[in-house]
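J.: Based on what follows, work out the 3D shape:
(2 chains)
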Amino acid sequence: MIQPLFVSNITATDLTGQKRVRARAPMAATMGDFIGGLLPKLRLPSLDSSGRALSYHARVDRLGRHAHSSELVGQVLVENDRISLHPNVDAGGIR
Amino acid sequence: MSSPTYRYFLAITRSEGGLSLGQFPVDLDLDLAAEWGRFTALRCWSNPELAAGAELRIRPVWHATLGQPYVEGLRITVRAKGLPTITVDLPRSFFKSNAMRIGDTLVTQKKLPPGELFTYAVLARPEANDRSLQSPDPFEVEEMPVPSNLAPGSLNDELERSVAFGEVGPGLLPVFLPQRVMDEVLALTERAGKVEVGAVLLGRIHQDAASKQLFLKVTAQIPTRHTISESSRLGITPETWAAAQANLDLRQTDEQMIGWFHSHPARHWCAKECAPEAKARCPFATPFFSSADCQLHRVAFSQAHCIALLITDTFSGPKATMYGWDRAQIVQRGFHITQPDAARALPVPAAASIIGSNIHETSCNNS
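T.: I've put the predicted structure just below:
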C-alpha cells in the first residue's frame, strides 16, 4: 500500500478563530516547523519586541489536546483536521 | 499585498549636537496596517465578504518637503470590485516603536547615553521582489478570508442606556461594556489581591440597522485559568486559551473572543509604609499598558476591533482604562458602560496612561 507523503486540507486558525488558513504538510515535518510555516499567513508574529522567538502550541480539535512541537505531523494529524494556534505569552506590570 | 515592496530604514540622529548614529533597517509590522485597512473597508462598505477578501496595498507616503526616499507615513489602499476605493494613512508615529527599539539597542551598545533624546527619519527604498528566488513553501499554506459576522443592533438604543467612560475618541469604534462585566472584573481584581489576574472578553460586532455604523458590545468575561499569576506578571499559557475556547463553546452563542482584561495590583507593588500624602502621590497610581501587555495584545488580539481592559488597583481605589487599535497602534480609548447602577460608584476613569514603555519601572522616591 502506498503511504501518503502529506497530510492535506488542514485548517488552522488563530486563537480567536477570526484568522484562518488551509494547509498541506509533509508527514515527516515536525509540528514545530509546521507552526512556523503557518504564522506568516495567519499574520501572527514569530518574534517578540525584543527579538526572541514566541512560542505557539497547536491544539488539535479532534484529539482535544495540544501537540508537542517535536511530534511529527504524520503522528498527530489526519486529513481534514482542524487546529488552533495558542501562544504562550506574558502580560505584566513591571519586569 | 502587491509589489512593488519597500525596505524601510530609520536614520537616527542625536538631538544634542546632531550627530548621525546611522541608518538601521526595520521590519515593520505591516500585518497590523493590513488589519486596519480591512477594518476601515468593512466600516465603509458594510460588506464583510468583500472587505475580508479585498485587494490591499501598503506604500510609503513620501515626505512633502524632502521627497523620496524620506517617508512621512504609510498609505493603505483597499479595493474591491464595484465598491469605492478606501484610502487610509498611517502617521509617522507608526514607526515610533521601531525607533524606540533601535534606541534601546544603541544604549546597550553604549553608542547613545541612557536617557538622551534622539530624532529619527524614516526612509524607504524599493525592494527587489523576484519570486523565482523565493523558496517553495513546503506547507502550501493558503489564506482563507474570514468575513466578520455582524450582528444586528441599534446604536441609539445602546447610547440611551449607557454612560460614557473616559474620552471616546472620534472615529473609533464605539464600545459598550455592561456594568455587570465591570463589576465582575473589579471583583476578580479584589479577590486576587497582590497578584495579577485576567479574563478573556467575549462579545460581538454589531451593525446599526439605520446608519450601518458598527459598534462593539462586550457580553461576558471568562476568568483565565491555567495562568501564572504573580505580583507583576500574568503568564498566559496555551491551556488558558483552550479552556477559554471550551467555555465559549459551551455557551453555544455567536459570541467571539474580542479582547481581554487584566489587573495591575499597583498598591501592592511598593513595600514601603508610606504616609497617606505619599500614597496619594504614588507613581504606581498612573495606569500603564506595559510593553508586555502590548505584546500580548498584538499576539492574541491584533484585529482592529479588539480591546483590552485594565484595572489598576491603587491606594485611592481602582482605576479603569481601556485600550484598542487606532491606525495600527495601541491607544487608550474611552467606552460606554451599559445599564450603569447609579447606586454604585464606578472606578475612576484615568485621564491618561503610559503605553508600551518600560519607563514605568521607576523606583519610588516617596518617603
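J.: Going by C-alpha atoms from here, please, whenever you check contacts or count neighbours.
T.: Will do.
J.: Tell me where chain A has helices.
T.: Remark: helices assigned in chain A by DSSP state H are A:31-38, A:73-76.
J.: got a list of contacts for the first one?
T.: Outside of helix A:31-38, the residues that reach it under the criterion CA atoms under 8 Å, 6 or more residues apart in numbering or on different chains are A:12, A:21, A:25, A:46, A:56-58, A:67-73, A:85, B:139, B:141.
J.: And the residue nearest the centre of chain A?
T.: A:Ile35 (3.5 Å; CA atoms, centre = their mean).
J.: For that one, report the pLDDT, please.
T.: A:Ile35 carries a pLDDT value of 97.
J.: Could you check how far it is from A:Ser46?
T.: Separation of A:Ile35 from A:Ser46 (CA to CA, to the nearest Å) stands at 10 Å.
J.: List the residues that contact B:Ala51.
T.: Counting by CA under 8 Å, 6+ apart, B:Ala51 has contacts B:Arg38, B:Phe39, B:Ala41, B:Leu42, B:Trp45, B:Ala80, B:Pro147.
J.: Same list (these) but as TSV, adding neighbour count and distance to B:Pro113.
T.: Output for the contacts of B:Ala51, formatted as TSV (neighbours: other CA atoms under 10 Å in any protein chain shown; distance: CA to CA, whole Å):
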residue	neighbour count	distance to B:Pro113
B:Arg38	27	41
B:Phe39	20	41
B:Ala41	27	44
B:Leu42	21	46
B:Trp45	17	49
B:Ala80	17	50
B:Pro147	16	49
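J.: Just put those in a markdown table and tack on secondary structure, pLDDT and distance to chain A.
T.: A markdown table is the format used below for the contacts of B:Ala51 (DSSP: H, G, I helix; E, B strand; the rest coil; pLDDT from 0 to 100; distance: CA to the nearest CA, whole Å):
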| residue | secondary structure | pLDDT | distance to chain A |
| --- | --- | --- | --- |
| B:Arg38 | helix | 96 | 13 |
| B:Phe39 | helix | 97 | 13 |
| B:Ala41 | helix | 97 | 17 |
| B:Leu42 | helix | 97 | 14 |
| B:Trp45 | helix | 96 | 19 |
| B:Ala80 | coil | 96 | 20 |
| B:Pro147 | coil | 95 | 8 |
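J.: Please export the C-alpha coordinates of the longest strand belonging to chain A as PDB.
T.: The single longest strand within chain A, with elements called by DSSP state E, is strand A:82-91. The C-alpha trace of strand A:82-91 is given here as PDB (Å, rounded to 0.1, in the frame of the first residue of the first chain):
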ATOM      1  CA  ARG A  82      -8.600  21.500  12.500                       C
ATOM      2  CA  ILE A  83      -6.000  23.100  14.700                       C
ATOM      3  CA  SER A  84      -5.800  26.300  16.700                       C
ATOM      4  CA  LEU A  85      -2.600  28.100  17.400                       C
ATOM      5  CA  HIS A  86      -2.300  29.100  21.100                       C
ATOM      6  CA  PRO A  87       0.500  31.300  22.200                       C
ATOM      7  CA  ASN A  88       2.500  31.200  25.400                       C
ATOM      8  CA  VAL A  89       2.700  34.900  26.300                       C
ATOM      9  CA  ASP A  90       3.100  37.100  29.400                       C
ATOM     10  CA  ALA A  91       1.300  40.300  30.300                       C
END
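J.: What helices and strands are in contact with it?
T.: Contact here means 3 or more CA pairs under 8 Å, 6 or more residues apart in numbering or on different chains; DSSP states H and E; on that basis strand A:82-91 packs against strand A:6-13, strand A:55-60, strand B:233-236, helix B:238-251, helix B:291-300.
J.: May I see the buried residues of the longest one?
T.: For helix B:238-251, a neighbour-count test (16 or more other CA atoms under 10 Å in any protein chain shown) marks B:Pro238, B:Glu239, B:Thr240, B:Trp241, B:Ala242, B:Ala243, B:Ala244, B:Gln245, B:Leu248 as buried.
J.: which ones are touching the fourth one?
T.: Right, B:Trp241. A:Leu15, A:His86.
J.: now do 10 Å
T.: A:15-16, A:59, A:84-88, B:200, B:224-227, B:247, B:300 (CA atoms under 10 Å, 6 or more residues apart in numbering or on different chains).
J.: what does the fifth one give?
T.: With contacts defined as CA under 10 Å, 6+ apart, B:Ala242 is in contact with A:Leu15, A:Arg59, A:Asp61, A:Gly64, A:Arg65, A:His66, A:Ser84, A:Leu85, A:His86, B:Arg225, B:His226, B:Leu248.
J.: Please report phi then psi for the residue nearest to B:Pro48 when sequence neighbours are not counted.
T.: Spatial nearest neighbour of B:Pro48, chain neighbours left out: B:Pro147 (4.8 Å); criterion: CA to CA, 6 or more residues apart in numbering or on different chains. Phi and psi for B:Pro147, reported as degrees, to the nearest 10, are phi -60, psi 140.
J.: neighbours around the residue nearest to B:Asp326 when sequence neighbours are not counted, how many?
T.: Excluding the flanking residues, the one nearest B:Asp326 by CA to CA, 6+ apart is B:Leu172, at 7.1 Å. The tally of other residues near B:Leu172 (other CA atoms under 10 Å in any protein chain shown) stands at 17.
J.: Next: the one 5 residues further on.
T.: Other residues near B:Leu177 number 23, with proximity taken as other CA under 10 Å.
J.: What angle do helix A:31-38 and the longest strand of chain A make with each other?
T.: 90 degrees (axes from the mean of the first three to the mean of the last three CA atoms, to 10 degrees).
J.: how far away is the closest residue in space to B:Gln213 that isn't next to it in sequence from chain A?
T.: Among residues not flanking B:Gln213 along the chain, B:Gln207 sits closest, at 5.5 Å (CA to CA, 6+ apart). Plainly put, B:Gln207 is 18 Å away from chain A if you go by CA to the nearest CA, to the nearest Å.
J.: got JSON lines for the helices and strands packed on strand A:82-91, with distance to B:His262 too?
T.: Listed next are the helices and strands packed on strand A:82-91 as JSON lines, based on distance: least, CA to CA, whole Å:
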{"stretch": "strand A:6-13", "distance to B:His262": "24"}
{"stretch": "strand A:55-60", "distance to B:His262": "21"}
{"stretch": "strand B:233-236", "distance to B:His262": "8"}
{"stretch": "helix B:238-251", "distance to B:His262": "14"}
{"stretch": "helix B:291-300", "distance to B:His262": "9"}
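J.: where do the strands sit along the stretch 1-150 of chain B?
T.: Applying DSSP state E, counting those that start in this stretch to the stretch 1-150 of chain B gives strands spanning B:5-14, B:20-26, B:55-62, B:70-79, B:86-91, B:118-127, B:142-144.
J.: can you pull the pLDDT of residue 51?
T.: No chain specified, so I'll use chain A. 81.
J.: Please refer instead to chain B.
T.: So, for B:Ala51, pLDDT stands at 96.
J.: Also B:Tyr6?
T.: B:Tyr6 is given a pLDDT of 94.
J.: What of A:Leu44?
T.: 96.
J.: Which residues are in contact with it?
T.: A:14, A:19, A:36, A:38, A:54, A:56, A:85, A:87, B:29, B:31-32, B:298-302.
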